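In: turn this into a structure:
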Amino acid sequence: MKSLVSGGGGSSGIGTETSAAGSGATGAVPSATGSVGALAGVCGAGMQLTLTSRNWLRSIRRPIAQRLPDLMGAWEGGANAILARGALRSRLGSKEVVLRGPPERRLLTLAELDPGLVVGNLHASGPSTLAAEDTRMAAEAAVAFAGDDPLILGGDFNVTPDESGVYNELDRRFGLRQPTGPHAIDHLLTRGLEITSPPTAWPDTAREVRAGDRAIRLSDHAPVQGSFGWARDRWETAAQG
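Out: Below is the predicted model of the structure:
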């Protein structure tokens, strides 16, 4: 199983996929419901989407953002998105948890995927003190929602491990690990899964597309990708049960 998280512009996206033949992942920085829905369709993925902040007057602002993206920037609207395909496409349930109210609304988006994996997507507040509080509240809510199921909690946490002890706290309290790096704010934390390839940020060139003689870098955040496997004791317990 591979998962990828990408953030930026007031949004955060997680993509995850698994299949019998192999694995791949897709993630995106969503800016509006339509664009994320189109991406999910192209990828053949199921989608869980939560609108967060800056979504007022979308019918007016979206055409402006499409014509003048440098002018509008992230003000086209923010969202959390979870895309899943392959054996994880089916959703068994979902939940939204409000962490902060207006004007910069922050939510945790949760999706329960078949066959028993919970994915949570978070775009935390800034500065780091608020971000650490959001991260702690999101982890508590995600663990409560997941119960005994394996959990991936990812997104733009807006706080680095060298700024805050919240990551050590989440490891100690919930077994959620492993941060991308000491200076990173985008993470894929897991519980109840084997980490087969630790979460790693993409190099800058991997998120560039050519436009004539120019290279356009997608997002101001490098996507983070990791590979995970089902923990062996989970299946042994299920077989015995």
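
In: what's the local residue count around the nearest residue to H183 once chain neighbours are set aside?
Out: Leaving aside its chain neighbours, H183 sits nearest to T160 (5.3 Å; criterion: CB to CB, 6 or more residues apart in numbering). Just so you know, the C-beta spots here come from the backbone N, C-alpha and C atoms, and that holds for glycine as well. Applying other CB atoms under 10 Å, we find 18 residues neighbouring T160.

In: likewise for D149?
Out: 16.

In: surely it meets E112?
Out: Yes. Using CB atoms under 8 Å, D149 is in contact with E112, at 7.3 Å.

In: residues that sit against both of these two, list them.
Out: Common neighbours of D149 and E112, counting by CB atoms under 8 Å, 6 or more residues apart in numbering, are V118.

In: report the buried residues of the helix or strand hosting T109.
Out: Element membership of T109 [criterion: DSSP states H and E] is strand 106-113. Judged by neighbour count using 16 or more other CB atoms under 10 Å, the buried positions of strand 106-113 are R106, L107, L108, T109, L110, A111, E112, L113.

In: what's the spacing between that strand and its chain's center?
Out: 9 Å (CA atoms, centre = their mean, to the nearest Å).

In: quick check: next helix or strand after the top helix by length along the chain?
Out: The residue-count maximum for a helix in the chain (DSSP state H) belongs to helix 128-146. Per DSSP H and E, the first helix or strand lying C-terminal to helix 128-146 is strand 151-156.

In: report all helices and strands that the helix or strand just after that next one contacts.
Out: Once strand 151-156 ends, the next helix or strand along the chain (criterion: DSSP H and E) is helix 166-174. Packing partners of helix 166-174 (3 or more CB pairs under 8 Å, 6 or more residues apart in numbering; DSSP states H and E): helix 128-146, strand 186-191.

In: just the angle between helix 166-174 and strand 186-191, please?
Out: Helix 166-174 runs at 20 degrees relative to strand 186-191, counting by axes from the mean of the first three to the mean of the last three CA atoms, to 10 degrees.

In: what mean pLDDT does helix 166-174 have?
Out: For helix 166-174, mean pLDDT is 97.

In: and I14, how many neighbours?
Out: 31.

In: 47 is where my numbering starts, stick with that
Out: Yes, from this point I'll number from 47; that puts the last item at I60.
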